[in-house]
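In: please find the sequence and the predicted model below.
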Amino acid sequence: MSVPAIILPADPLNPRRPDPHFAWEARLLRESGGEHHLVDHDALLAGRAGEAVRWVPRDSGPLWYRGWMLPSARYADFAAALTARGGNLLTSAPGYAAAHELPGWYGVFEGATPDSVWIPSDGPVAPGPEELAAAAARLGGSGPAIVKDYVKSRKHEWHEACYVAELADLAAVGRVVERFVELQGEFLAGGVVLRRFEEFERVDGGVEGTRGSAERTGNGGNAGPGAGERAVEARVWWLDGRPVLVGPHPDAPHRSVEPDLTEVRALVRALGCRFVTTDLASRADGSGWRVVEVGDGQVSELPRGIDPSGLLTSLITV
Ligand SMILES: Nc1ncnc2c1ncn2[C@@H]1O[C@H](COP(=O)(O)OP(=O)(O)O)[C@@H](O)[C@H]1O
Ligand SMILES: [Mg+2]
């Protein structure tokens, strides 16, 4: 049986090397006896998947990807281009979309993750007031909420484009959603998601979202939550339903976290994707862990300061 290799993005300035952001993983992979190939990320994003995979050897067998996030349609092109070269990306295009986009995983995780509704969109256009009012009503119609798209939030623009203090204030919901859509621009993934806000344990031991901007610590000048306003999250890396790495979230890489995985394990298995991450936050009242989001393990950020060698070794020995 052949051993999977891992495809990494090439450095745009020196295409024979991995992108500097992934050089660390390339080195650890090599030290673990693994092999990597390179992909041209810009060509992939531009819809030229055949050209993007030109450096991947023909008939390379099983493959994983570790790299920048791709829109689900671009991932599907990528998988097809590799198949045409005799390679086999081990996460299928539908599997990628299921873990990467909230509507793909929400049905399985419902009840273990904040209640959510979404409004699909065709492009970077904010939903109209009636659509928003209907979505807010589906979410219960009152209380605080979070705005994001199918993949990402604008958490660094917390008060402007992420946090809604009161869903019943439809004008305020409209303002936050419009600003969110404007800032996402062409990168808006899928549509707008509204989620009920839950109180999580914060980095400073308080609860999230309730403090004024005067207390925020620096965020490169962004009007976003400081470290003290963010939830303490654990990022759990799952391969074939087993947690192969449990670590802090990349936003707070030096926190130690020990989430209870009993419930999440069954949900990850039900999702049926081979390589995924789950970000877990602890409820502020101590009543347990919640799934903040699910991600495809190939495009989840690895926190610095932890040793991912075991994860990489697991990937190449599946
Ligand atoms: N429903 C929620 N209740 C409370 N806080 C939330 C909720 N959803 C997100 N957050 C906070 O906002 C941050 C960003 O949300 P997340 O869904 O993880 O988006 P991103 O993909 O941008 O990381 C989370 O790390 C968490 O601190
Ligand atoms: Mg997140």
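Out: Thanks, I have the structure now. Residues are numbered from 1 along each chain as shown. Ligands and ions are numbered 1, 2, ... in the order given.
In: quick one: residue 94 is in a strand?
Out: No - Residue 94 sits outside any strand when classified using DSSP: H, G, I helix; E, B strand; the rest coil, being helix.
In: list the residues that contact it.
Out: Not one residue lies near residue 94 by C-beta atoms under 8 Å, 6 or more residues apart in numbering. Glycine gets a C-beta too; all of them are placed from N, C-alpha and C.
In: can you report how many residues neighbour the residue of the stretch 1-150 of the chain found nearest ligand 1?
Out: Per C-beta to the nearest ligand atom, residue 114 is where the stretch 1-150 of the chain lies closest to ligand 1, at 3.4 Å. Neighbour count of residue 114, defined by other C-beta atoms under 10 Å: 20.
In: same question for residue 144.
Out: 16.
In: again with residue 16
Out: The tally of other residues near residue 16 (other C-beta under 10 Å) stands at 8.
In: for residue 47, same thing?
Out: The local packing of residue 47 (other C-beta under 10 Å) involves 11 other residues.
In: quick one: it and residue 77 touch, right?
Out: Yes - with contact defined as C-beta atoms under 8 Å, residue 47 counts as touching residue 77 (6.6 Å).
In: just the strands in the stretch 151-300 of the chain please.
Out: Taking DSSP state E, counting those that start in this stretch, the strands of the stretch 151-300 of the chain run over residues 163-164, 191-196, 233-239, 242-248, 275-282, 289-296.
In: neighbours of the residue lying closest to residue 150 once chain neighbours are set aside, just the number please.
Out: The shortest distance from residue 150 to any residue other than its chain neighbours is 3.1 Å, reached at residue 190 (C-beta to C-beta, 6 or more residues apart in numbering). The tally of other residues near residue 190 (other C-beta under 10 Å) stands at 20.
In: same thing with the one 4 residues further on?
Out: Under the neighbour criterion other C-beta under 10 Å, residue 194 is assigned a count of 26.
In: and it, what does it touch?
Out: Shown in contact with residue 194 (C-beta under 8 Å, 6+ apart): 116, 117, 118, 135, 136, 139, 145, 146, 147, 164, 167, 173.
In: one more pass at 10 Å, please.
Out: Going by C-beta atoms under 10 Å, 6 or more residues apart in numbering, residue 194 touches 114-119, 127, 132, 135-136, 138-139, 145-148, 164, 167, 173, 176-177.
In: near ligand 1 at all, stretch 155-165?
Out: Yes - using C-beta under 6 Å from any ligand atom, stretch 155-165 reaches ligand 1 at residue 155.
In: buried subset of the contacts of residue 194 as a PyMOL selection?
Out: Those of these that count as buried under 16 or more other C-beta atoms under 10 Å are selected in PyMOL with:
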select buried, resi 114+116+117+118+119+127+132+135+136+139+145+146+147+148+164+167+173+176+177
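In: narrow the contacts of residue 194 to those in helices?
Out: Counting by DSSP state H, these place 132, 135, 136, 138, 173, 176, 177 in helices.
In: the fourth one touches residue 193, doesn't it?
Out: Put plainly, it is residue 138. No - the pair residue 138 / residue 193 is not scored as a contact, 11.8 Å apart, by C-beta atoms under 10 Å.
In: give me the common contacts of the two.
Out: Taking C-beta under 10 Å, 6+ apart as the contact rule, residue 138 and residue 193 both touch 116, 117, 118, 119.
In: what's the closest of those to residue 241?
Out: residue 116 (23.7 Å; C-beta to C-beta).
In: thought that closest one was touching residue 140?
Out: No - between residue 116 and residue 140 there is no contact under C-beta under 10 Å: 11.4 Å.
In: which neighbours do these two share?
Out: By C-beta under 10 Å, 6+ apart, the residues touching both residue 116 and residue 140 are residue 196.
In: hmm, back to that, how far away is the residue nearest to residue 150 from residue 124?
Out: According to C-beta to C-beta, to the nearest Å, residue 190 stands 12 Å off from residue 124.
In: next: residue 92.
Out: Separation of residue 92 from residue 124 (C-beta to C-beta): 28 Å.
In: with residue 134 instead?
Out: Between residue 134 and residue 124 the computed distance is 21 Å (C-beta to C-beta).
In: how about residue 39?
Out: The gap separating residue 39 from residue 124 is 26 Å, by C-beta to C-beta.
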